[in-house]
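Engineer: sequence first, predicted coordinates after that:
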Amino acid sequence: MTAGGPDDRGPHGGGDTATGGVPPPWSRAAAVGHGEPAADDPHHGSGQGGAPSSGASGADTSPSMPPPSGTGGPAPDGSASNTPTGTTGPDEPPWRRLPALMLVVAPATALLKLAPALIVLLLFGAGRGNDVQLWIAAGIAVLAVGAGVVRWRTTRYRITDERVELHSGLLNRQRRSVPRDRIRTVDLTAPLLHRLVGVSVVKVGSGQSAGKESGLDLDAVTTAEAERLRRELLSRPGAPARTGADAPAGAHPSAGADATGGPGAAGTIPGTGTIPESGAGPAVPAGAAPEPEAAEEIDRIDWSSLRFAPLTVSSLAAIGAAAGAGWNLLREADVDPRNLPGADVVTGGLSAVPIWASVLVGVLLLLVVMVAGSIVLFVERWWGFLLTREPDGTLRVRRGLLTRRSLSVSEQRLRGVTVTEPLLVRVIGRGAQAGALTVGLAGADGEQSHAGALGPPVARAQAHRIAATAARTGTEVTAGPLRPHPPRARTRRLVRAIGPALVLPVAAGVLVHVGGPVWPLFLAVLLVLLAVPLALDRYRALGHRLDERYLVARGGSLVRTTSALRRDGVIGWRIRQSLFQRRAGVVALEATTAAGSGAVEVLDLSPADAAALMAEVTPEAVTGLRA
Amino acid sequence: MTATGPVTTGDASLPLPLRPPAHQVDPRAIWWWRLRALPFPIVLLVAQGVGWYFLPPRPWHGLLIATITLTVLWLLVEVLVVPSLRFRLHRWEVTDEAVYHRSGWLVREWRIAPIPRVQTVDTEHGPLQQALRLATVTVTTASARGPVRIAGLDADQARELARRLTETTGRHPGDAT
């Protein structure tokens, strides 16, 4: 880290054009390479011998480089703090590095993930006098630490007026860049290890349907920095972009740029601008006087919701996955549960009782494990749950016991709300779960079933209330009466449910015919009979309504979903009619939207209703097409 | 619209009360669909021919005759019937307000994309389409339910359509979500 002269800093305009120095193959890096010391990235350093270092030593938690100034000179003072001073003008903001704490966290996380494999390797390798496995384990550990160091050294990020950029990697160098006007969600996640040392992962979601490639993960920055990033990235266009005290003052004239440029326009929704409150929801505080700083609480954890935990399918599935993983681990470790001490006693005891009793005991045990497991998962997932509306106009869900999560959704991206009722939660618990229809939440990450959830399952009335509050509607938009669909839709539900199910009795009958047992036939007939109430329930669920601001549609039996999509959130229509639907005289209408899974479906309504609905929601587009 | 109106009972034979889109696709698209339908059934037929040659006749040949008959029937339907059916049903139209497209033959599909919500307009030409001077115009919106794909257009017409659409949508600001 030598304090080299500023001769290497070509007088570049701070933009994409490289006017001085060695032009690297990537355009942006031209501006990048000049503004940083060699120590920051050895690869850039190689291209420019004595690159200037401005005293970045000792800036471990937030080493920020002075931005390249437009006049070509170096920044007046080496900034080892979060606030690079004296750099005004239209320049690039400084690159920031991850806190040094990540030197500990990243390898530790990697090792923790590998821990089961390592333990197995050591336990079952060392015992047999086989040193190779020991060496492999040590090698893995060293690699993990090394990778952590390399990642820390090579990762840099910054937020310019237009985009968020993240560079990382040594061999597989990655350059991620997300336009700021495309940012839909900012998700802060702090797994246990991260929490212990006070850092958080920042996930920036841009909501392009391209999925994984669209976002950007910053793993990780200090929790205070993460909070600052969240505020900054979700700040409304038109509002002062930096509000935090640690923001570089005056370095980013983004407030003006956002208000006039493309990012500002992104917030306004083209199309049906006549709906009174359509775009006004998020816009009201923007035009108003300085808003109150306190966040408005919408909902918080109510542990009576715990009664829904064993009723949700997703938690059952999670338990199944966990059990499968455990079983796999045992098998990997060459541990056969039958060989465990005590297994003989258990099996011996079991063989003494009649078979139905042992089956009963087994089922009961399984039930107990499932209930206990689902409760544990529920507690982990929803501990400290808090749903708020932040002063900057975002909806924020905070939750998590071990892994602390904070999901923020810009209200400008909110297109509607949903209320979901899984069968068991609905029938046994009379509960429901409120959710948000948000642009950019479709493929958020692995937690597909919880993408957009605004809280745990709660009593049905409460869920409707939360949805209404989140959508800023006076009435409970998801709860009102719906227009039922024609009786032909019921016939179709019945046919659809029973038809495929009939295969089972037929197959069982054939089995009986060739001399098989009779009980599968009974079972199959029972299943067919079960399909009838399911079909009727599905028909009862069907319904839709169009009110002043929302298109409301409901459907589904195993998971009944009521979606309220804002009229101005409809970005197109898709109507499908299969051969059978044609005979029945119904169509399936989908109002496509940028939010959620891409569409809200209104199933099996009469064609005339479909056309009327479309014409009312998007009159300009559809009126000319009516027969 | 009232929330709880009477249950609607339309005539079962009632079609969608929207007029069909104005334009048909290019007649050469029939040949495109025909040629596209060929490879898979033919591969199946060849495989079955190989089976006929190598497998013992006693249990197999009867079965093979049945499957080969079915495959040939399928091939004939796909090549002789379906393409002209598609040609009758596939229609498209671009008004000042919307892109309107109808497709499908077993499952019919209507798509309407209001112009202000169109994000990108692409044309693509596969090798087969190039040989027939055809093109597909893909109109993307922000929805995850897929783009509107108008297939089987004359290549020049497609280019002109894409140009016009790009120009029209360029007039609408915002990110169309």
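Structural biologist: That came through fine. Residues are numbered from 1 along each chain as shown, chains lettered A, B, ... in the order given.

Engineer: alpha carbons only for contacts and neighbour counts from here, please
Structural biologist: Fine.

Engineer: could you list the domains of chain B?
Structural biologist: For chain B, the domain assignment from automatic domain parsing gives the residue ranges B:29-86, B:92-170.

Engineer: winner for burial among these?
Structural biologist: Among the domains of chain B, the stretch with the highest mean neighbour count (mean count of other CA atoms under 10 Å in any protein chain shown) is domain B:92-170, at a mean of 20.

Engineer: give the bridge partners for the residue in the stretch 401-550 of chain A that chain B sits nearest to, please.
Structural biologist: Nearest residue of the stretch 401-550 of chain A to chain B (CA to the nearest CA) works out as residue A:483 at 4.8 Å. For residue A:483, the beta-bridge partners under DSSP bridges are residue A:544.

Engineer: and it, what pLDDT?
Structural biologist: At residue A:483, the model reports a pLDDT of 92.

Engineer: try residue B:13
Structural biologist: You'll see residue B:13 listed with a pLDDT of 45.

Engineer: show me the shaky parts of the chain.
Structural biologist: Reading this off chain A. Scanning chain A with the threshold set as pLDDT under 70 gives A:1-91, A:124-130, A:206-214, A:236-293, A:313-319, A:325, A:328-352, A:440-451.

Engineer: if you could check chain B rather than the one you did, that'd help
Structural biologist: Within chain B, the ranges that satisfy pLDDT under 70 run B:1-14, B:174-177.

Engineer: check which helices and strands the lengthiest helix in chain B sits against.
Structural biologist: Longest helix in chain B by number of residues (criterion: DSSP state H): helix B:57-76. The contact analysis (3 or more CA pairs under 8 Å, 6 or more residues apart in numbering or on different chains; DSSP states H and E) places helix B:57-76 against helix B:39-54.

Engineer: next, the angle from the helix it packs on to helix B:57-76.
Structural biologist: Between the axes of helix B:39-54 and helix B:57-76, defined by axes from the mean of the first three to the mean of the last three CA atoms, to 10 degrees, the angle is 160 degrees.

Engineer: give the other helices and strands that helix B:39-54 contacts.
Structural biologist: When contacts are defined as 3+ CA pairs under 8 Å, 6+ apart, helix B:39-54 sits against helix B:57-76.

Engineer: gap between the very next helix or strand once past the helix it packs on and the chain center?
Structural biologist: Note on helix B:57-76: by DSSP states H and E, the next helix or strand toward the C-terminus is helix B:82-89. Its chain's C-alpha centre and that of helix B:82-89 lie 10 Å apart, by CA atoms, centre = their mean, to the nearest Å.

Engineer: for the next helix or strand after helix B:82-89, which strands pair with it and how are they oriented?
Structural biologist: Going down the chain from helix B:82-89, the next helix or strand is strand B:91-94, by DSSP H and E. Its sheet considered, strand B:91-94 pairs with strand B:23-24 (antiparallel), strand B:98-103 (antiparallel) by DSSP bridges.

Engineer: now do the buried residues in the host helix or strand of residue A:499.
Structural biologist: Following DSSP H and E, one finds residue A:499 within helix A:487-501. By 16 or more other CA atoms under 10 Å in any protein chain shown, the buried positions in helix A:487-501 come out as A:487-490, A:492-494, A:497-498, A:501.

Engineer: likewise stretch A:543-557?
Structural biologist: A:543-546, A:549-557.

Engineer: same list, the residues you listed, but as CSV with secondary structure please.
Structural biologist: CSV is the format used below for the buried residues of stretch A:543-557 (DSSP: H, G, I helix; E, B strand; the rest coil):
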residue, secondary structure
A:543, strand
A:544, strand
A:545, strand
A:546, strand
A:549, coil
A:550, strand
A:551, strand
A:552, strand
A:553, strand
A:554, strand
A:555, strand
A:556, coil
A:557, coil
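
Engineer: just to revisit the earlier point, to residue A:617, which of the strands paired with strand B:91-94 lies closest?
Structural biologist: strand B:98-103 (13.6 Å; CA to CA).

Engineer: phi, psi for residue A:614 please.
Structural biologist: With angles defined as degrees, to the nearest 10, residue A:614 sits at phi -60, psi -40.

Engineer: now swap in residue A:431 and tell me
Structural biologist: phi -120, psi 180.

Engineer: what about it, distance to residue B:163?
Structural biologist: 52 Å (CA to CA, to the nearest Å).

Engineer: how about residue B:125?
Structural biologist: When distance is defined by CA to CA, residue B:125 is 16 Å away from residue B:163.

Engineer: before we move on, the earlier item: which among the buried residues of helix A:487-501 are in contact with chain B?
Structural biologist: The residues of the buried residues of helix A:487-501 that also fall near chain B, by CA under 8 Å from any CA of the partner chain, are residue A:487.

Engineer: and of the buried residues of helix A:487-501, the nearest to residue A:566?
Structural biologist: Nearest to residue A:566 among the buried residues of helix A:487-501, with distances taken as CA to CA, is residue A:489, at 25.5 Å.

Engineer: nearest spatial neighbour of that closest one, skipping sequence neighbours?
Structural biologist: Distances taken as CA to CA, 6 or more residues apart in numbering or on different chains place residue A:604 nearest to residue A:489, at 5.6 Å, with adjacent residues excluded.

Engineer: returning to what we had before: give me the residues contacting the helix holding residue A:499.
Structural biologist: For helix A:487-501, the external contacting residues (CA atoms under 8 Å, 6 or more residues apart in numbering or on different chains) are A:527-528, A:531-532, A:534-536, A:538-539, A:581, A:584-586, A:604-605, B:9.

Engineer: next helix or strand past that helix?
Structural biologist: Later in the chain than helix A:487-501, the nearest helix or strand by DSSP H and E is helix A:503-513.

Engineer: CA-only coordinates of that following helix in CSV, if you can.
Structural biologist: Extracted C-alpha coordinates of helix A:503-513, given in CSV (Å, rounded to 0.1, in the frame of the first residue of the first chain):
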residue,chain,number,x,y,z
VAL,A,503,-58.6,-44.8,-13.3
LEU,A,504,-57.9,-46.2,-9.8
PRO,A,505,-61.0,-48.4,-9.3
VAL,A,506,-60.6,-49.6,-12.9
ALA,A,507,-57.1,-50.7,-12.2
ALA,A,508,-58.1,-52.2,-8.9
GLY,A,509,-60.9,-54.0,-10.6
VAL,A,510,-58.5,-55.5,-13.1
LEU,A,511,-56.3,-56.6,-10.2
VAL,A,512,-59.3,-58.3,-8.6
HIS,A,513,-60.2,-59.9,-11.9
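
Engineer: packing partners of it?
Structural biologist: Helices and strands touching helix A:503-513, by 3+ CA pairs under 8 Å, 6+ apart, are helix A:519-541.

Engineer: who's in contact with residue A:404?
Structural biologist: Shown in contact with residue A:404 (CA under 8 Å, 6+ apart): A:189-192, A:195, A:398.

Engineer: need the max-distance pair from these.
Structural biologist: Pairwise distances across the contacts of residue A:404 peak at 15.1 Å for A:192 and A:398 (criterion: CA to CA).

Engineer: among those two, which residue is more densely surrounded?
Structural biologist: Of the pair residue A:192 and residue A:398, residue A:398 is the one with more neighbours under other CA atoms under 10 Å in any protein chain shown, namely 22 against 16.

Engineer: skipping adjacent residues, who's closest to the more buried one in space?
Structural biologist: Per CA to CA, 6+ apart, closest to residue A:398 is residue A:406, 4.3 Å.

Engineer: helix or strand: which one has that neighbour?
Structural biologist: If you go by DSSP H and E, residue A:406 is part of strand A:404-410.

Engineer: direction included, what does that strand pair up with?
Structural biologist: Sheet pairing for strand A:404-410, assigned by DSSP bridges, gives strand A:185-190 (antiparallel), strand A:394-399 (antiparallel).

Engineer: in the last one, what counts as buried?
Structural biologist: Of all the residues in strand A:394-399, those buried under the rule 16+ other CA under 10 Å are A:394-399.
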